[in-house]
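A.B. asks: Need coordinates for the below:
(4 chains)
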Amino acid sequence: MLGGFGPPGMPQNLTGALLRRGVKDLTVIVNRLDSSWSAADPGKLLERGFVRKVCCAFSASPHPSQVTEFERLHEAGLFEAELIPQGTMVERMRAAAAGIGAFYTPTGVGTEIAEGKEHKVINGRTYILEYPLPADYAFIRATRADTFGNLQYHMTQRNFNPVMAMASKNTFAEIEESIEEPGCLDPDHIHTPGIFIDRIVKIPPPPEGLWTFPSERRDR
Amino acid sequence: MLGGFGPPGMPQNLTGALLRRGVKDLTVIVNRLDSSWSAADPGKLLERGFVRKVCCAFSASPHPSQVTEFERLHEAGLFEAELIPQGTMVERMRAAAAGIGAFYTPTGVGTEIAEGKEHKVINGRTYILEYPLPADYAFIRATRADTFGNLQYHMTQRNFNPVMAMASKNTFAEIEESIEEPGCLDPDHIHTPGIFIDRIVKIPPPPEGLWTFPSERRDR
Amino acid sequence: MEKQPLDRQTICNRLAMEFENDWVVNLGIGMPTLCANVPFGDRDIILQSENGLVGYGPLAKEGEENKNLVDAGAQYVTTRPGTAIVHHVDSFTIIRGGYVEVTVLGAYEVAENGDFASWKTAGRKGGGIGGAMDLAVGAKRVWITMAHTTRDGKPRLLKRCNLPLTAVGVVSMVATDYGLFEITSGGFVLKEFAPGYTPEEIQEITEATLTISPDLRKFQTRNK
Amino acid sequence: MEKQPLDRQTICNRLAMEFENDWVVNLGIGMPTLCANVPFGDRDIILQSENGLVGYGPLAKEGEENKNLVDAGAQYVTTRPGTAIVHHVDSFTIIRGGYVEVTVLGAYEVAENGDFASWKTAGRKGGGIGGAMDLAVGAKRVWITMAHTTRDGKPRLLKRCNLPLTAVGVVSMVATDYGLFEITSGGFVLKEFAPGYTPEEIQEITEATLTISPDLRKFQTRNK
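C.D. replies: Residues are numbered from 1 along each chain as shown, chains lettered A, B, ... in the order given. I've put the predicted structure just below:
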């Protein structure tokens, strides 16, 4: 799992390390296989041929006139893609985290997404059955941490990161601002408890740390 | 729904108002029908005969040698009680909040709780199907609020309160410390967004505000 | 009267006029985000974005961006007094749980039965669902803003959708460059028309049969 | 050697000796909370409580209570460096999601097949489930601490439970005032005995058949 929604919360440094390492046959679970924010975007894993399967909410450009590298490789059959509604995706992650075996959601009923899935009418409304989406590893990004692994996110950096931390066996977090001693973060204001976190690493300031993004992309 | 786990987060002032009002035939959803912390505990609603049904995780004293007033009235058939495992209870509330039609949980499999419920084996493990638990009203307590309804809880005051706020049509919150202008609470550190909150009221300091509890009860 | 299809901002203004005080509103990526540019006057509109923003402010000014504060379209936005941040799971709890009064989404096709298609185009293997399927079943109202026809002039208000559906029977209002349409159990109802066009001309570029509202009027451009 | 059943703190100390560094540990209401009184030395034990405490500290001293900080038994406790607070849903995500290495619970009965009963006594209409059913299926290990017999001397380590079950086949270790027992596929294994008692004497007050561990030894009272 790779966190982030747009650049905020994207673990570009950890993803960069994965790119350098060249691990193959990955199954990548990510909102979107972006590849144009930086040289360490999740889409780069795909372009380098490291990916066997993708689970994502966007497997095409939002603009039908554009065709992304993702799509070219996908059309060529170079990897498998499972397209998942974003709310179903995070709910499936949460089910994996919370020991829920499966759940009925109204999302996707009557669409291609529902094909082949169990249907059930509950109180007159139709739902489909969806199963957990766990991972072996999650890479995420936060603003502050303590050495116990407690994390705080700033603004919309939070996004997928808390649920991915909970849904994966091992979670590595890259930290933008500071790693403090335990006790420095207010217990009332910890977004991800340290028991979900396995490794933390302070990332360097930009540009090396890749935590800014070209502002000319804001119109994307 | 009445929040709180032990005294922290118990909406004693709002419950007190309900007692004075004397509304009858209530269905009360609460962790436990406590009645010995204060004169405005949820159990008092029961003792006054205002309750038709209780959904709770404890319908007997944890000490088998004791018999509570709750049990005496329950044995006498004066109300209906649905006993629910605590984790299933909050998960059912969350399902109600999140538009989930039902979910499979491993909790209670092989016990009385599972009787009459749909079973399903998923990846070799048996689960039972549980349905949402919504409410018309939730009474909760928090430490700070802004006038938009954003809430912050202190320490274990949080407990059931966020999920009850989300699972009920109308949520009233009693506030211990202060009600601020919007913008005074850090957007990163709001525990319950104001869109879930319908009414807030500042409660007076103790003893009138009933936010302390006799410390001799700590051994309970 | 000069014939003048409506521009995107005017179309979005029209839908935004319908937002009511205290509504939680979710705007889809692209054209719908223009609904945020409308001065809401004394209406307090709570914009919600699926990446966890509850009650955000206008786009950030150049040079004043917070790198960690973007909306669903990855545009830099601002907070406003009362903004709250939640994580993605809670964000879709808000969405699927029925706390969103209206979502305004883009679409390729809308059908007279309220179906719409917005995530996959013909002949493409991939698609972009994002949060649209959750919004479509979760929000209390689904309104669509779109061009009335394809670039080569084919109608997009149809009897039945041709493309893969996003959701079934949920759309209640559509605003295009030719008018404002309600979807009722009887299909599309033309409520307001672009300057200079007759209902017959609008019907010509529409596959579905239009019912004409008894209150038919010119496309409204200012708040009631 | 003088016959001496074990006291509650000694029983709990024995289980706490087995906690490993970095374990997330949940202690049930009542006797199991005594496991928190053990000095863990250089082991970092993360106590978790179902009301949303992750990594809490010892009981609060008289006069230093934070009125909003209690454990699952509503006792005033303290934070420690690294404490985090979560709400009830996330707390049971931790519990049911398998993040708890061990839960120590009380019980009325434990059976040789790992079943146990802890929430309802005979002849009572109500019961107290609390978080026990979730903990029992969610924690990686379920250990029970209990009196070996009822007040009138009836055995509680049984072939099959008589009372309504809390969970099926989950208990792997039991500590009583007469010894320490493992539950294996072959049933109860007596691992350690209270001072002065013979295995035969312990079998006499036990309904289930005890296997004697080849490593049988006296009940341990200090860390390895």
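A.B. asks: Next, the nearest residue to residue C:26 once chain neighbours are set aside: phi, psi?
C.D. replies: Among residues not flanking residue C:26 along the chain, residue C:103 sits closest, at 4.3 Å (Cβ to Cβ, 6 or more residues apart in numbering or on different chains). Using the backbone N, CA and C atoms, a C-beta is placed for each residue, glycine as well. Taking degrees, to the nearest 10, you get phi -120, psi 130 for the backbone angles of residue C:103.
A.B. asks: in the sheet, who's paired with residue C:103?
C.D. replies: Assessed by DSSP bridges, residue C:103 has beta-bridge partners residue C:26, residue C:142.
A.B. asks: do residue A:28 as well
C.D. replies: With DSSP bridges as the rule, residue A:28 is bridged to residue A:54.
A.B. asks: Surely residue A:148 and residue D:55 touch.
C.D. replies: Yes: counting by Cβ atoms under 8 Å, residue D:55 is a contact partner of residue A:148 at 7.3 Å.
A.B. asks: thinking again about what came up before, does the residue nearest to residue C:26 touch residue C:28 like I think?
C.D. replies: Yes: Residue C:103 lies in contact with residue C:28 (Cβ under 8 Å); the separation is 6.8 Å.
A.B. asks: Can you pull the residues that touch both of those two?
C.D. replies: Common contacts of residue C:103 and residue C:28, defined by Cβ atoms under 8 Å, 6 or more residues apart in numbering or on different chains, comprise residue C:135.
A.B. asks: where are the low-confidence patches of chain A?
C.D. replies: By pLDDT under 70, the weakly predicted segments of chain A are A:62, A:64, A:207-220.
A.B. asks: same thing but 50
C.D. replies: In the predicted model, chain A carries pLDDT under 50 at residues A:211-220.
A.B. asks: hey, where'd the helices end up in it?
C.D. replies: Secondary structure of chain A (DSSP state H): helices located at A:12-21, A:42-47, A:69-75, A:86-98, A:161-167.
A.B. asks: Then chain C?
C.D. replies: For chain C, the helices defined by DSSP H occupy C:8-17, C:88-96, C:132-138, C:199-204.
A.B. asks: Off-centre distance for the second one?
C.D. replies: To tie it back to what came earlier, the one meant is helix C:88-96. For helix C:88-96, the distance from its own C-alpha centre to the chain's C-alpha centre is 19 Å (Cα atoms, centre = their mean, to the nearest Å).
A.B. asks: check contacts around the residue nearest to residue C:26.
C.D. replies: Going by Cβ under 8 Å, 6+ apart, residue C:103 touches C:25, C:26, C:27, C:28, C:95, C:135, C:136, C:139, C:141, C:142, C:143.
A.B. asks: Skipping its backbone neighbours, what lies nearest the fourth one in space?
C.D. replies: Of all residues beyond its chain neighbours, the one nearest residue C:28 is residue C:105 (3.9 Å), with distances taken as Cβ to Cβ, 6+ apart.
A.B. asks: pretty sure residue C:78 is in contact with residue C:60, am I right?
C.D. replies: Yes: counting by Cβ under 8 Å, residue C:78 does reach residue C:60; the two are 5.2 Å apart.
A.B. asks: hmm, back to that, would you mind giving the helices of chain A as TSV with mean neighbour count and distance to residue A:179 added?
C.D. replies: Output for those, formatted as TSV (neighbours: other Cβ atoms under 10 Å in any protein chain shown; distance: least, Cβ to Cβ, whole Å):
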stretch	mean neighbour count	distance to residue A:179
helix A:12-21	19	14
helix A:42-47	23	24
helix A:69-75	18	34
helix A:86-98	27	24
helix A:161-167	29	16
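A.B. asks: Within range of chain D, give me the residues from chain A.
C.D. replies: A:94, A:96-100, A:146, A:148, A:150, A:166, A:181-183, A:187-188, A:190, A:193-196 (Cβ under 8 Å from any Cβ of the partner chain).
A.B. asks: let's see 6 Å
C.D. replies: Of all the residues in chain A, those in contact range of chain D (Cβ under 6 Å from any Cβ of the partner chain) are A:97, A:98, A:99, A:148, A:150, A:182, A:183, A:187, A:188, A:190, A:193, A:195.
A.B. asks: now the residues you listed: which count as buried?
C.D. replies: Buried by 16 or more other Cβ atoms under 10 Å in any protein chain shown: A:97, A:98, A:99, A:148, A:150, A:182, A:187, A:188, A:190, A:193, A:195, out of those.
A.B. asks: any idea which of these is closest to chain C?
C.D. replies: Among these, residue A:97 lies closest to chain C (Cβ to the nearest Cβ), at 9.1 Å.
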